[in-house]
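give me a 3D structure for the following:
(one chain, ligands or ions: 4)
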Amino acid sequence: AKEAGGSAYRFFESEMDLRLQERRRLERDLRHAVNNDQLELHYQPLVDCAHLTVTGCEALLRWHHPERGPISPCTFIPLAEECGLIMQLGEWVLRTACRETASWPDDKIVAVNLSPIQFRQSDLADQILGILAETGLAPHRLELEITEGVLIEDTERVLATLKALKAHGIRISLDDFGTGYSSLSYLHRFPFDKIKIDRSFIWAMEENSDSMSIVRAVIALGRSLRITVTAEGVETPTQLAWLQAEDCDQAQGYLLGKPMSRADIATLWANAQGR
Ligand code: C2E
Ligand code: CA
Ligand code: CA
Ligand code: CA
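Ligands and ions are numbered 1, 2, ... in the order given. Below you'll find the predicted structure:
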């Protein structure tokens, strides 16, 4: 019995080693990818519910690993956050998104995801304003998506950064609303221009009347606070019709457009022009 326990332990130990090695390897490859331009942004349409027009897109990071193929941001973003690489990665995303968007029609905006960790840089606002100046993208065309995770960072610093950015006309959006630490007091303390209702609520709406009530309540809340409300993960015509009936401002999801390459987005704009 003693021996069996021992080998189970050794097995466990080598499993741990493997996982650690695996992480280190992925970390090293990601660092290489950032430095060698092996990353790409895809863009997913943000659609006005009432008119079904595309108001802009959310930039979503894509990594095609040379041997392993595509790796999900849900895997590598947390890794980048843990090893500190997120600062460099986040800056690359901002610069690339602003540069690529600058050549879009000038009524189209871009939404960029920011990791809570990026707010630990005291010069984040200056970095973003510098990138706008450098790329020539007008500040009102940039929207920053932050998650509720940012609320456990240094609140005063986060608030100062957001206020500085807003003073220049950049919009701030609260992502994945309803999944984290959301508290109504944050909506009041933080200068959000938009709330994105997490897709889990949209998916549950059809079977679960509680989810429907929650979505309806968030739409009403947004209206009374004059904050734009976006529904994420819209996949079915039924979901869209319901959101339209409830006067939800915007929708995003596979039904309205999947994340697309920069070239496909350019084609989308070219086709829309003729309408
Ligand atoms: P998110 O910010 O909530 O982004 C929306 C995610 O939902 C994207 O996944 C998008 O492809 C997916 N999605 C959109 N509509 C639908 C739909 O109708 N059905 C389904 N099943 N999925 C839909 P993606 O691109 O895999 O990104 C996952 C997460 O990774 C993002 O969630 C975001 O948290 C993070 N992420 C992606 N790019 C970046 C980035 O540049 N910076 C940071 N910090 N995080 C990023
Ligand atoms: Ca987002
Ligand atoms: Ca989201
Ligand atoms: Ca998310």
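
nearest residue to residue 30 in space, ignoring adjacent ones along the chain?
Closest residue in space to residue 30, ignoring its immediate chain neighbours: residue 76 at 5.7 Å, by C-beta to C-beta, 6 or more residues apart in numbering. From N, CA and C alone the C-beta is placed, and that goes for glycine too.

so what's the residue count around that neighbour?
By other C-beta atoms under 10 Å, 22 other residues sit near residue 76.

element containing it, please.
helix 73-83 (DSSP states H and E).

buried sites along the following helix or strand past that helix?
Of the helices and strands lying after helix 73-83 in sequence (DSSP H and E), the nearest is helix 86-101. For helix 86-101, a neighbour-count test (16 or more other C-beta atoms under 10 Å) marks 86-87, 89-98, 100-101 as buried.

go on, stretch 165-185?
165-166, 170-178, 180, 182.

which of those residues are close to ligand 3?
When the buried residues of stretch 165-185 are checked against ligand 3 using C-beta under 5 Å from the ion, the ones in range are 175, 176.

and the buried residues of stretch 165-185 as JSON lines, adding distance to ligand 1 and secondary structure?
Compiled in JSON lines, the buried residues of stretch 165-185 are given as follows (distance: C-beta to the nearest ligand atom, whole Å; DSSP: H, G, I helix; E, B strand; the rest coil):
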{"residue": "165", "distance to ligand 1": "16", "secondary structure": "helix"}
{"residue": "166", "distance to ligand 1": "20", "secondary structure": "helix"}
{"residue": "170", "distance to ligand 1": "16", "secondary structure": "coil"}
{"residue": "171", "distance to ligand 1": "15", "secondary structure": "strand"}
{"residue": "172", "distance to ligand 1": "14", "secondary structure": "strand"}
{"residue": "173", "distance to ligand 1": "10", "secondary structure": "strand"}
{"residue": "174", "distance to ligand 1": "11", "secondary structure": "strand"}
{"residue": "175", "distance to ligand 1": "5", "secondary structure": "strand"}
{"residue": "176", "distance to ligand 1": "6", "secondary structure": "strand"}
{"residue": "177", "distance to ligand 1": "10", "secondary structure": "strand"}
{"residue": "178", "distance to ligand 1": "12", "secondary structure": "coil"}
{"residue": "180", "distance to ligand 1": "12", "secondary structure": "coil"}
{"residue": "182", "distance to ligand 1": "15", "secondary structure": "coil"}
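
quick revisit: close to ligand 3, is the helix holding residue 76?
No: in terms of C-beta under 5 Å from the ion, no part of helix 73-83 sits within range of ligand 3; the closest distance is 11.4 Å.

pull the CA atoms of that helix into CSV?
The C-alpha trace of helix 73-83 is given here as CSV (Å, rounded to 0.1, in the frame of the first residue of the first chain):
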residue,chain,number,x,y,z
PRO,A,73,-7.7,34.0,-26.3
CYS,A,74,-9.5,32.4,-23.4
THR,A,75,-6.3,30.3,-23.0
PHE,A,76,-3.5,32.7,-23.8
ILE,A,77,-4.9,36.0,-22.3
PRO,A,78,-4.9,34.6,-18.7
LEU,A,79,-1.4,33.3,-19.4
ALA,A,80,-0.2,36.7,-20.6
GLU,A,81,-1.8,38.3,-17.5
GLU,A,82,0.0,36.0,-15.2
CYS,A,83,3.4,36.4,-16.8
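
good, we can wrap up now.
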